[in-house]
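1. With the input below, show me the fold.
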Amino acid sequence: MDTKLAALIIDYQKKTDKNDAQMAFESHFSVEKIHDIKAGKSAYTPDEEKRLVQYINDHPSSSN
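-> Model (predicted):
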């Protein structure tokens, strides 16, 4: 399984100090889905990947 999305989420959360629940709420994904992607336990669709990457790009950390 590709781990690039998991690494992107983890890096984003470190930069923004957001936990899985905060990110899930704001990105309209379930907490379980965010957690499972990060843990490598969940396959995700290209659309889900696109939506998460778009969310991260639209909500940059304050240090960017």
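2. low-scoring pLDDT stretches of this structure, where are they?
-> Low-confidence segments of the chain (pLDDT under 70): 1, 62-64.
3. all strands for it, in order.
-> Using DSSP state E, the chain contains no strands.
4. ranges for the helices of it?
-> For the chain, applying DSSP state H gives helices covering 4-16, 20-27, 31-39, 46-58.
5. State the distance from the residue nearest to Glu49 when sequence neighbours are not counted to Phe29.
-> For Glu49, ignoring the flanking residues on the chain, the nearest one in space by CB to CB, 6 or more residues apart in numbering is Leu5 at 5.5 Å. C-beta coordinates here come from the backbone N, C-alpha and C atoms, glycine included. Distance, Leu5 to Phe29, using CB to CB, to the nearest Å: 12 Å.
6. What of Tyr55?
-> For Tyr55, the distance to Phe29 - CB to CB - is 8 Å.
7. Also Lys4?
-> Taking CB to CB, one finds Lys4 at 17 Å from Phe29.
8. give me the number of residues near the residue nearest to Glu49?
-> 17 (other CB atoms under 10 Å).
9. again with Asp2
-> Asp2: 10 neighbours (other CB under 10 Å).
10. That one: what's it in contact with?
-> Not one residue lies near Asp2 by CB atoms under 8 Å, 6 or more residues apart in numbering.
11. gap between it and Gln22?
-> For Asp2 relative to Gln22 (CB to CB), the value is 24 Å.
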